[in-house]
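here is a sequence together with a model predicted from it:
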Amino acid sequence: MRIAVETEQTHPWTGRFISLAPGILLSCIVALAAFGLEAVEVRLTEHRFIENLVLAILIGTAIRSLVYLPAAFNAGIRFCEKFVLEVAIVLLGASISVQALKAAGPALVLGIVFTVIAAIAISYGIGRGLGLKHKLATLVACGNSICGNSAIAAAAPVIDAEPEDIASAIAFTAVLGVIMVLALPLALVGLGLTAPQYGVLSGLTVYAVPQVLAAAQPGGVIAVQTGTLVKLIRVMMLGPVLFALGMTARAASSGTGAKVKLKHIAPWFIIGFALMMAMRSAGAIPEGFVQPLAHTSNALTVLAMAALGLSVDIRSLGRAGGRVIATAILSIGVLTAIALGLIFVLQIG
């Protein structure tokens with residue numbers, strides 16, 4: 001008995017590693033398959049019609065939707081989808097300097113704030129108009145306007161949402177987020193957008209940060225950097241929105257609303273991204289390290305995309321409910337229209 005206890009104390013991470021290993025291994029296999037298919041695509045056609053990030057999502061989604069995955073895979077898939085992606089975002093900060101933020105300008109920042117507020121108000125109105133309950137309409141509006149499932153998960157305890165409402169909102173936004181990643185590149189050609197314009201459109205309309213990276217990649221490096229910057233500013237709106245929801249909930253329930261947590265206002269990876277960007281701008285990161293860090297960030301993002309796909313079951317679309325589906329589709333249409341209007345008004349080139 002003493003030996004068993006000492007072994008457990010000597011290797012405290014063994015159990016954690018064993019629980020993560022199946023999901024991480026499967027995500028790695030899907031990511032490698034995505035890299036391999038992209039290489040075959042380039043070899044046969046001399047073009048990248050479908051990027052490795054999108055291929056990783058498609059392969060992962062196909063596996064999750066067509067094959068039964070035991071629960072043993074879930075922990076590792078969530079680890080890659082969340083933590084690995086957050087590390088990738090931090091490393092991506094080394095590719096962007098403060099000059100890029102200055103180039104965005106205060107007008108774009110204010111435009112992003114306006115877009116989020118307007119999208120929440122309109123999405124909520126659409127949901128209520130279609131008969132959704134107040135809390136469910138609020139969850140769909142927050143998810144659509146800020147950052148998808150993360151916003152829904154963060155807002156749910158603040159407004160004391162019901163479990164079935166959370167499940168309905170998340171089920172559809174998970175699928176719609178992937179659909180947006182696959183459909184948005186059509187706008188690059190169909191609307192004749194420039195790289196900065198496409199980056200702004202991606203950052204304003206796609207739900208999650210990793211999905212923005214995948215959606216923006218067809219527009220090139222500038223589109224990815226612009227989209228990431230716009231998206232992170234959009235994510236920072238989650239803190240003020242949660243604070244407002246918390247104040248409203250406490251006023252409506254005589255002080256019983258949930259408190260807003262610091263991690264919702266300033267997630268560690270956003271802080272890390274900002275620090276890496278500041279280090280790049282100050283010259284603390286040698287130029288020779290920038291490309292390797294960018295390549296590492298891309299590889300980790302593909303791995304995270306594989307995990308994201310492995311988390312999406314297309315069959316969950318039918319369980320979300322017709323009113324939720326209609327609300328989400330109409331809301332994303334409104335958000336896209338607002339984003340295109342912003343690009344036109346600010347004359348983003």
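Structure received. Numbers count the residues shown, from 1 in each chain.

and the most centrally placed residue in the chain, what does it touch?
Residue closest to the average C-alpha location in the chain (C-alpha atoms, centre = their mean): A208, at 1.4 Å. Neighbour list for A208: 147-150, 177, 308 [criterion: C-beta atoms under 8 Å, 6 or more residues apart in numbering]. Just so you know, the C-beta spots here come from the backbone N, C-alpha and C atoms, and that holds for glycine as well.

let's see if you can find the most crowded of the residues you listed.
Ranked by neighbour count (other C-beta atoms under 10 Å), the contacts of A208 have L308 at the top, with 30 neighbours.

gap between that one and T248?
32 Å (C-beta to C-beta, to the nearest Å).

do T194 as well
For T194, the distance to T248 - C-beta to C-beta - is 40 Å.

and if you look at F273?
Applying C-beta to C-beta to F273 and T248 gives a distance of 30 Å.

more neighbours: which of those two?
F273 (23 against 14).

quick check: that one vs G105, distance?
For F273, the distance to G105 - C-beta to C-beta - is 19 Å.

burial count for T14?
The burial count for T14: 11, using other C-beta under 10 Å.

please read the previous query as pertaining to V42.
Residues near V42, counting by other C-beta under 10 Å: 12.

so it is in which element?
helix 14-45 (DSSP states H and E).

after that helix, which helix or strand is next? Please name it.
Counting by DSSP H and E, what follows helix 14-45 is helix 52-66.

which strands and helices sit next to that following helix?
Contact here means 3 or more C-beta pairs under 8 Å, 6 or more residues apart in numbering; DSSP states H and E; on that basis helix 52-66 packs against helix 14-45, helix 163-183, helix 209-216, helix 287-310.

quick one: distance of the longest one to the chain centre.
Meaning helix 14-45. Per C-alpha atoms, centre = their mean, to the nearest Å, the displacement of helix 14-45 from the mean C-alpha position of its chain is 20 Å.

repeat for the shortest one
On the basis of C-alpha atoms, centre = their mean, the separation between the geometric centre of helix 209-216 and that of its chain is 7 Å.

please work out which residues outside that helix touch it.
Applying C-beta under 8 Å, 6+ apart, the contact partners of helix 209-216 are 51, 53-54, 57, 81, 85, 88-89, 92, 147-148, 177-178, 180-181, 184-185, 198-199, 202-203, 206, 223-224, 226-228, 231-232, 235, 301, 304-305, 308.

against R234, how distant is the residue nearest to A137 when sequence neighbours are not counted?
In this structure, A137 finds its nearest non-sequential neighbour in G127, 3.1 Å apart by C-beta to C-beta, 6 or more residues apart in numbering. Note on G127: its distance to R234, by C-beta to C-beta, is 20 Å.

of those two, which one has the most company?
A direct count of neighbours by other C-beta under 10 Å for G127 and R234 places G127 higher, at 27 against 24.

what strand or helix carries that one?
helix 98-129.

re earlier: distance to V30 for the contacts of A208 - can I get that in CSV?
Shown next, in CSV, are the contacts of A208 (distance: C-beta to C-beta, whole Å):
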residue, distance to V30
C147, 23
G148, 21
N149, 20
S150, 22
G177, 18
L308, 10
